[in-house]
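Asker: Sequence and predicted model, in that order:
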Amino acid sequence: MNKVTSAFPSQPLPLKNIAINDSYWTPYVELVKNTVIPYQWDALNDAIPDAEPSRAIRNFRIAAGLEEGEFHGFVFQDTDLYKWLEAVGFSLSTSPDPDLAKIADEAIDLIAAAQDEDGYINTYFMVAAPDKRLTNLHDCHEFYTAGHLIEAAVAYYEGTGKTKLLDVAKKFADFICLTYGPEPGQIRGYDGHQEIELALIKLYQVTGDSKYLDLSSFFIDERGQKPSFFREEWERRGRKSFWTGDVVQKHFPTLEYWQAHKPVREQEVAVGHAVRAVYMYTAMADLAILKGDQELLNACKRLWNNIVHKQMYVNGSIGSTHHGEAFTFDYDLPNDTNYSETCASIGLIFFARRMLQAEMKGEYADVMERALYNTVTAGIAEDGKHYFYVNPMEVWPEASKGNPGKHHVKAVRQKWYGCACCPPNVARLLSSLGSYIFTASEDTLYTHLYIGNETQVTLGSSKATIELTSELPWNGLASLQVQEVEGDGMFTLAVRVPSWSQDTSFRVNGEEITAEIRDGYAYFKRTWKKGDQLSIHFDMQARRLYSHSNVRANAGRVALQRGPLVYCLEEMDNVSPLTSVRLPADAQIREVTGIWNDEIVFLEMDGIRQEEDKEQKDTLYSSAPPKQESQRLLAVPYTLWGNRTPGEMQVWIREQS
């Protein structure tokens, strides 16, 4: 393959070059490889007892003519298999496994057997509605599904060197290139769920074929133009939606939901479906850098700032409402009804990584870290076999059962979902974790995440083997040691200074040194020799976080963070209802270990419990103020909540002055 030389100011290191060895993250990587990938393969084959069936593999078998039957699932059901294959590709890149490769190759054979001669592949439209293909991009995710096929194909090719799935993806992409675009006879359209835009860029980078880059750019530039493609398509199909059948709609749906209300360069506020938005912003950032498009990059910065400073939860999650899995408006961040889909935080990580490649600014990596350490890993149970789709800030199990407005909030992780986009999304992110730790320019290695690993990198005229060790998130020490170096050794190590560390210090070979710090990164340029070590000491003191006064849900409340981890209260360690507890403003926050295991740091505080007088216990309203009793409070890292006894949970604690 004619791989493209990146135009990015810095770029990730090849996944194969990074061997993760980290006390905190290696168990996650091993969990994905040894448990999650096999479990999800069973789920795709409907072999998980009492779990919602996937039927993804069976759909492909029917489409390939290997068995008879009806299509089952959503119109985008194929993507569960594609994301699983992408995770497998990443896993095989760093940990070859012939048995796993054999299973994946057979799945790829099945996909290839199902593909139409013209390149089209989508099992819903091949089995259930062959006369409807490409008639409803607004609703039916055909290019979203194609995008995940492309991403899987690129990852599997890069992980194994095998081209069969890549050939399938290229054939479909070529079909789309012929059919859609600005030329006479082509359709000036785009998909309702963005994904193919970022996938086509990956296909361009691995093949060197510029038509894929051009098509991605077309999809981005065409979105939001007038006349509206979505409205014209809606008129052609008789003003009907796929999701409501033959019901004729009186009003055309709002285009904000699809981020198609105005051209992307004019958009200033993150609106609509959160996953679609951040997938699109990821592609926009890629294109801005590859094409030197400052106007597009400025749009990315505006949208980034709106998300991070006005619409993001403290755990790095996004999407305030379950109605459309969407953003709402600035500062609207409810705690007990938020959606905060795991996929949305993964998309935010994608966006953050691209913005880091556009400009080296610590905030991008801070958000990437916040989403990774909190929401993404909260989305998967310790056993690797149960998952959250929604990541709430507050849970009252009885309300989840009894209030229709809170049915989406689960108190326990589920075995699988009918719409199972999140579980394989977590698998593909964690199996590609190494590609988020560093980026490198010609002569500088940037460390964004402090995850222990060993890597080989060329910097300037030098080739170096560098070992990153880290004691995060429990202890505040990390170091970069030069294991081997060839050449003159003149290069720069740049390390992020996390916003949560109020006092970060540095030592080179044991000697404290003052660093040059720019935009959240400390730079160390010198002639590095074998054995040289750069040590970073972080301030790990637990601290209180407060919301902007416009975040009404958090008025009078405080959240706790230590290092990169946000904390929460669980019922089993405290009291029910959790809404009855208060944390005095001057209460000391103590670190406690040995409760779960010897590593996990809990936070202990002397709090207050408010409860009714015995005579008023059964009175709904009373003029008598509640009594106050002392109550020990114990907070656990949010990412680990729900792994023990089910019960209430809350992140934002009422504070008492």
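Answerer: Looks like it arrived, so ask away. Numbering: from 1, shown residues only.
Asker: burial count for residue 460?
Answerer: By other C-beta atoms under 10 Å, 16 other residues sit near residue 460. Quick note: C-beta positions are derived from backbone N, CA and C, even for glycine.
Asker: swap in residue 477?
Answerer: Neighbour tally, residue 477, other C-beta under 10 Å: 14.
Asker: ok, now the one 10 residues further on?
Answerer: Neighbourhood size, residue 487 [other C-beta under 10 Å]: 13.
Asker: and the gap between the spatially closest residue to it that is not a sequence neighbour and residue 385?
Answerer: Leaving aside its chain neighbours, residue 487 sits nearest to residue 462 (3.5 Å; criterion: C-beta to C-beta, 6 or more residues apart in numbering). From residue 462 across to residue 385, the span is 45 Å (C-beta to C-beta, to the nearest Å).
Asker: the more surrounded of these two?
Answerer: residue 385 (21 against 18).
Asker: mind listing what that one touches?
Answerer: 35-36, 39, 415 (C-beta atoms under 8 Å, 6 or more residues apart in numbering).
Asker: what residues are up against residue 459?
Answerer: 440, 442-445, 491-492.
Asker: Tell me the predicted confidence for residue 244.
Answerer: Looking at residue 244, its pLDDT is 89.
Asker: so what's it up against?
Answerer: Residue 244 touches nothing, counting by C-beta under 8 Å, 6+ apart.
Asker: And it, its phi and psi?
Answerer: Reported as degrees, to the nearest 10, the phi and psi values for residue 244 are phi -120, psi 10.
Asker: swap in residue 635?
Answerer: phi -110, psi 140.
Asker: Next, count neighbours for it.
Answerer: Using other C-beta under 10 Å, residue 635 has 28 neighbouring residues.
Asker: cool, and residue 229?
Answerer: Neighbour number of residue 229 under other C-beta under 10 Å is 19.
Asker: for residue 97, same thing?
Answerer: So residue 97, with other C-beta under 10 Å, has 15 neighbours.
Asker: Surely it touches residue 91?
Answerer: Yes - Residue 97 lies in contact with residue 91 (C-beta atoms under 8 Å); the separation is 7.3 Å.
Asker: what touches both of these two?
Answerer: residue 33.
Asker: With only the CA atoms kept, save stretch 56-70 in CSV.
Answerer: What follows is stretch 56-70, C-alpha atoms only, in CSV (Å, rounded to 0.1, in the frame of the first residue of the first chain):
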residue,chain,number,x,y,z
ALA,A,56,-25.4,-9.9,13.3
ILE,A,57,-23.6,-13.0,12.1
ARG,A,58,-26.9,-14.7,11.1
ASN,A,59,-27.9,-11.6,9.1
PHE,A,60,-24.6,-11.9,7.1
ARG,A,61,-25.2,-15.6,6.5
ILE,A,62,-28.7,-14.8,5.1
ALA,A,63,-27.3,-12.0,2.9
ALA,A,64,-24.6,-14.4,1.6
GLY,A,65,-27.2,-17.0,0.7
LEU,A,66,-25.9,-19.5,3.3
GLU,A,67,-29.2,-19.8,5.1
GLU,A,68,-32.7,-18.6,4.8
GLY,A,69,-34.5,-16.3,7.2
GLU,A,70,-35.5,-12.8,8.0
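Asker: Rounded mean pLDDT for that stretch, please.
Answerer: Computed over stretch 56-70, the average pLDDT equals 97.
Asker: quick revisit: from the contacts of residue 459, which is closest to residue 56?
Answerer: residue 440 (37.3 Å; C-beta to C-beta).
Asker: Need phi/psi at the closest one.
Answerer: phi -140, psi 140.
Asker: Read off the pLDDT value for it.
Answerer: Reading off the model, residue 440 has pLDDT 96.
Asker: Residue 93 and residue 368: what is the separation?
Answerer: 21 Å.
Asker: about what we covered before: my guess is the residue nearest to residue 487 contacts residue 482, does it?
Answerer: No - in this structure residue 462 lies outside contact range of residue 482 using C-beta under 8 Å: 9.7 Å.
Asker: where do the contact lists of the two overlap?
Answerer: Between them, residue 462 and residue 482 share the contacting residues 489, 528, judged by C-beta under 8 Å, 6+ apart.
Asker: any chance of the contacts of residue 385 in CSV, with secondary structure and neighbour count too?
Answerer: Shown next, in CSV, are those (DSSP: H, G, I helix; E, B strand; the rest coil; neighbours: other C-beta atoms under 10 Å):
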residue, secondary structure, neighbour count
35, helix, 14
36, helix, 26
39, helix, 23
415, coil, 16
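Asker: Which entry within those corresponds to the minimum pLDDT?
Answerer: residue 415 (90).
Asker: Surely it is in contact with residue 48?
Answerer: Yes - Residue 415 sits in contact with residue 48 when judged by C-beta under 8 Å, with a separation of 5.7 Å.
Asker: Quick one: residues in contact with stretch 263-276.
Answerer: 192-194, 220-221, 223-225, 256-259, 261, 277, 280, 284, 295-296, 298-299, 302-303, 306-307, 311, 318-319, 324-327, 330, 339, 341, 343-344, 347, 421.
Asker: Among those, the buried ones, what's the PyMOL command?
Answerer: The command below creates a PyMOL selection of those among these that count as buried (16 or more other C-beta atoms under 10 Å):
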select buried, resi 192+193+194+220+221+223+224+256+257+258+259+261+277+280+284+296+299+302+303+306+307+311+318+319+324+325+326+327+339+341+343+344+347+421
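Asker: when you check the contacts of stretch 263-276 against the helices, which ones overlap?
Answerer: 220-221, 277, 280, 284, 295-296, 298-299, 302-303, 306, 343-344, 347 (DSSP state H).
Asker: Closest one of these to residue 129?
Answerer: Among these, and counting by C-beta to C-beta, the member closest to residue 129 is residue 343, at 25.6 Å.
Asker: What pLDDT does the model give the one residue sitting closest to the centre of the chain?
Answerer: Centroid-nearest residue in the chain: residue 346, 0.6 Å away (criterion: C-alpha atoms, centre = their mean). Turning to residue 346, the model gives it a pLDDT of 98.
Asker: Could I get the contacting residues of it?
Answerer: 371, 376, 425-426, 429.
Asker: so how far is residue 252 from it?
Answerer: Relative to residue 252, and taking C-beta to C-beta, residue 346 is found at 31 Å.
Asker: Residue 495 looks like it's in a strand, true?
Answerer: Yes - checked against DSSP: H, G, I helix; E, B strand; the rest coil, residue 495 lies within a strand.
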